[in-house]
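*Asks:* From the sequence below, what's the structure:
(2 chains)
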Amino acid sequence: MIKNWIVKFAFFLHGSLYYKKIKETFYNFLQNSDYEYKKYFDVFMILLIVVSITILVYEVKNPVPLWLDNFDIYVVTFIFLVEYIARIWVYNNWHIQIVNAYEESKFLNNNFSLWEPTKEVLKGKIEYMLTPSAIIDLLAILPAYRPLRVLRIFVLFRVFKLLRYTKSIHQFLNVLATKKFELFTLLFLLIFIMVTAGIAIYVFEEKSNPNINSLVDALYWAMITISTVGYGDISPVTPEGRVLSMVIIIAGIAMISFVTSVIVSSFSEKLTELKENRLIEEMNKSKEFIIICGYGQMTRMFLSSYAKEYDNRYIVIEENKERVEMAVKEGYRAIHDDASRHDVIAKFNIDYAQITLLALTSSNISNVYITLNAKALSPKIKVISRATNERIAKKCRLAGADYVIMPNIIANRMLFTAITQPVMYRAFYAILTGQHLAHLDEIRIFHYQKLLNSKIEEIDFKDYKLLLIGIQAGINGEFIFNPPKTFVLQKEDVLLLMGRKVSIEHFKKVYEEVSYVT
Amino acid sequence: MSHRTAFMFGYGKSTYFVAQELFRESLHLSIIVNDEVAFEEAKNDGYVDVTLLDITDDTLLESLNVNEEDYLICVMKDNHLNVFLTLSLHNLFPNNMIVALSDSIHTTQKLKMAGANKIIDVYNVSANRVYNILHKPVTTQLIERLLSSDEMFSFKEMQIPKNSCLDGVMVDDFDFREHNIILVGMIDQRLSDQFLFITSGLEHRFDSGDTIVCIGYNDDLEKFEAYMKGVE
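*Replies:* This is a model prediction of the structure:
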């Protein structure tokens, strides 16, 4: 009976868009670093932590007003607790496991066991609760329990909690994690020298040095000396002890230099990667952006004309390191990676953003592969690929490219035109290169309501020094070249105009909708 | 049958199309290459007039028998060689039209300085096309139609003959749209040989000898040319 109710409830949650949306919102705020509003949540949490720590530290020597204490105990802790529970909640989906297991048992005509899916979900949640960040979250709630003063020490975990919300500290720890082996080796070496030196000084001076009364004193002295801190509360009194001091001071300096060099080298190795990851993160915050694969002449030409227009909404991925350096030097946003790799494109926000990928490398094989890779990841990604001839273009289309560009074919056609029809070539070239005199632009009637229901003859294009080439009638409708004068403009129509850029801008200004503030 | 010769310096897969088209246009095509691979390639593709010579040697270039009305096409794979060749040709044959292929802004500038009359930048057009695909779908459609040789829609340049219906008529007084074609621009022979776009607000009179460029369906363009010439 209860089992049935639970299954019904799981199905209800499974079908509820409202529940899905709430959970997704929580997930976005807590876990999704690509979510544009997450930063506000992070800043709020950082502020709470700072306030809480300030209260707890101030409270050590000064009386704190009751309302502030209550704020810390109830409000801050409550928010931390809610956050902790929410993180466990969004970690996995109990109802989906139940629904899947139930449907599987129905399909196989088996007895449905509620325990199996529940066990899986619990296992996942416990796994999460045992992660260092979840433990810190839990321990950060404890200082609120005032009767046990020892719990105050857990205020430190509120400081650690900052790690969750500050990317740079997180990145610092990640960089250190890459040198785990070297750092652990040095730590073991340090312990070894410290223990050896501690035992040696204990043997040499236990009887003659009044400050060394136990092995702990000896180890403490070794640690203070090896770290080159040297408080001076314990110092060797025998010649053997002094020689030992000299040896471990040299060992200490060597070790500090080692640790410094390991940290610095790991940072210099990771610096480019960190910068590139920042670029990707920035891109993922945009709702619409372009990924340009390959930094060759065509990309350079494209960016030299349009980089400003795209502002920060483009990124170049280039396999050749020298070319990446060249792109960065020329002021473009470029990263060093292989765009044909699945994980490289998967780093981008393919689910939420509208991505256009330009496969513009000089290699046909790479362009086909990049197209396939992008389309395999998400058919939503719009791909424009470059090809050298019609055969390759066909392959690009088969791979899923939405458009194929063949620079050589276009150039050859122009070359041919330049020879056979030199006058026409000038018009042709100006139009194809978008020169300011022969700028082609589109006017969507939807955005220019003043034009709605107007007849073509009622608009004096000549007066605006514009040439009406044609009209696309309706959404994806047919293109009407030289439309009749009696043609009436509808909402979905698009006018194709030619003229100077300024003329087109002027026309747009005259016909754009004016909104008055009342 | 044209008596003009097109001298094409350089041959490769990327220039195969233009060689074919020029050949089809009944121009005499003379291919000049400086390496044996390209020489064999052109021969294998069926071209008869293929010469292998050192294009850096001016005396050899001079011996090519180039007439003033011939076209010189520089499509060498090596940019440096292409600029050098353009400079040599401009020096030897200053009155001939030189058309050159370029693959960067810098090379385009150098070719212009070297004396090329028309420079086709392989990537300039394509970069603009990518932008159009992204933002102007209708423009993209139109350009695709203009670029496709199979389409029945194109540009056409026409010279106004003597006693034509256009002779002596002001630009504003003639309605091209009635013939289902659009006038894009013209060269007024009396003023200069500069191409004037209709969108620059020109108030000109058509005279015989002027060249007009129109856009439209091939049939309409042909019909209009015949009409202009008085051939019904």
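
*Asks:* low-confidence ranges in chain B?
*Replies:* Applying pLDDT under 70 to chain B flags residues B:1-2, B:14, B:149-151, B:231-232.

*Asks:* Sketch out the helices for it, chain order is fine.
*Replies:* With DSSP state H, the ranges of helices along chain B come out as B:16-24, B:36-44, B:58-62, B:79-92, B:105-114, B:122-135, B:137-147, B:218-229.

*Asks:* Would you mind listing the buried residues in the first one?
*Replies:* If I follow you right, that is helix B:16-24. B:16-22 (16 or more other C-beta atoms under 10 Å in any protein chain shown). C-beta coordinates here come from the backbone N, C-alpha and C atoms, glycine included.

*Asks:* so can I have TSV of the residues you listed showing distance to A:Leu357?
*Replies:* Shown next, in TSV, are the buried residues of helix B:16-24 (distance: C-beta to C-beta, whole Å):
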residue	distance to A:Leu357
B:Tyr16	29
B:Phe17	27
B:Val18	30
B:Ala19	34
B:Gln20	33
B:Glu21	32
B:Leu22	36
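
*Asks:* What is the nearest of those to A:Glu457?
*Replies:* Nearest to A:Glu457 among the buried residues of helix B:16-24 is B:Glu21, at 40.6 Å by C-beta to C-beta.

*Asks:* what's the distance between the closest one and chain A?
*Replies:* Counting by C-beta to the nearest C-beta, to the nearest Å, the gap between B:Glu21 and chain A amounts to 5 Å.

*Asks:* Can you point out the helix or strand that includes the nearest residue to that residue once chain neighbours are set aside?
*Replies:* Nearest non-adjacent residue to B:Glu21, counting by C-beta to C-beta, 6 or more residues apart in numbering or on different chains: A:Phe416, 4.6 Å away. If you go by DSSP states H and E, A:Phe416 is part of helix A:407-420.

*Asks:* which helices and strands does that helix pack with?
*Replies:* Applying 3 or more C-beta pairs under 8 Å, 6 or more residues apart in numbering or on different chains; DSSP states H and E, one finds that helix A:407-420 contacts helix A:422-432, helix B:16-24, strand B:71-74, strand B:97-102, strand B:118-121, helix B:122-135.

*Asks:* Could you check those and tell me which one is nearest A:Ala254?
*Replies:* Ranking the helices and strands packed on helix A:407-420 by distance to A:Ala254, with C-beta to C-beta as the measure, places helix B:122-135 first at 56.3 Å.

*Asks:* Verify the contact between the residue nearest to B:Glu21 and B:Phe23 for me.
*Replies:* No - counting by C-beta atoms under 8 Å, A:Phe416 stays clear of B:Phe23, with 10.7 Å between them.

*Asks:* hmm, stretch B:40-55 in reach of chain A?
*Replies:* No - judged by C-beta under 8 Å from any C-beta of the partner chain, stretch B:40-55 and chain A are separated, with a smallest distance of 14.4 Å.

*Asks:* Report how far apart the opening and closing residues of that stretch are.
*Replies:* End-to-end span of stretch B:40-55 (C-alpha to C-alpha, to the nearest Å): 17 Å.

*Asks:* Report the buried residues of it.
*Replies:* Under 16+ other C-beta under 10 Å, the buried positions of stretch B:40-55 are B:41-42, B:47, B:50-51, B:55.

*Asks:* Check stretch A:364-377 too.
*Replies:* In stretch A:364-377, counting by 16+ other C-beta under 10 Å, buried: A:364, A:366-375, A:377.

*Asks:* Helices - which of these land there?
*Replies:* Those of those lying in helices (DSSP H): A:364, A:366-375, A:377.

*Asks:* List the contacts of the helix holding A:Phe416.
*Replies:* With contact meaning C-beta atoms under 8 Å, 6 or more residues apart in numbering or on different chains, helix A:407-420 is reached by A:298, A:386, A:388-390, A:424-425, A:428-429, A:432, B:6, B:14-15, B:17-18, B:21-22, B:25, B:27, B:71, B:73, B:75, B:97, B:99, B:101, B:118, B:120-123, B:125-126, B:129, B:147, B:149.

*Asks:* what does the average pLDDT come to for that helix?
*Replies:* Looking at helix A:407-420 alone, the average pLDDT works out to 81.

*Asks:* And for stretch A:158-173?
*Replies:* 76.

*Asks:* ends of it, how far apart?
*Replies:* Using C-alpha to C-alpha, the two ends of stretch A:158-173 sit 17 Å apart.

*Asks:* Would you point out which residue of the stretch 51-200 of chain A is nearest chain B?
*Replies:* Residue nearest to chain B within the stretch 51-200 of chain A: A:Lys167 (31.8 Å; C-beta to the nearest C-beta).

*Asks:* all strands of the stretch 401-518 of chain A, in order?
*Replies:* Using DSSP state E, counting those that start in this stretch, the strands of the stretch 401-518 of chain A run over residues A:403-405, A:439-444, A:466-472, A:479-481, A:494-499.

*Asks:* Any idea how many residues pack against residue 138?
*Replies:* If you meant another chain, say so; for now it's chain A. By the criterion of other C-beta atoms under 10 Å in any protein chain shown, A:Leu138 has 15 neighbours.

*Asks:* To clarify, I was referring to chain B.
*Replies:* Neighbours of B:Val138 (other C-beta under 10 Å): 21.

*Asks:* From what I see, it and A:Gln472 are in contact.
*Replies:* Yes - if you go by C-beta under 8 Å, B:Val138 and A:Gln472 touch, sitting 4.7 Å apart.

*Asks:* shared neighbours of those two, anything?
*Replies:* Contacts common to B:Val138 and A:Gln472, judged by C-beta under 8 Å, 6+ apart, are A:479, A:494, A:496.

*Asks:* buried ones in the helix or strand hosting A:Val195?
*Replies:* Assigned by DSSP H and E, A:Val195 belongs to helix A:180-205. Neighbour counts over helix A:180-205 (16+ other C-beta under 10 Å) mark A:182-183, A:186, A:190, A:193-194, A:197-198, A:200-202, A:204-205 as buried.

*Asks:* likewise stretch B:79-98?
*Replies:* Buried positions in stretch B:79-98, judged by neighbour count with 16+ other C-beta under 10 Å: B:79, B:81-90, B:93, B:96-98.
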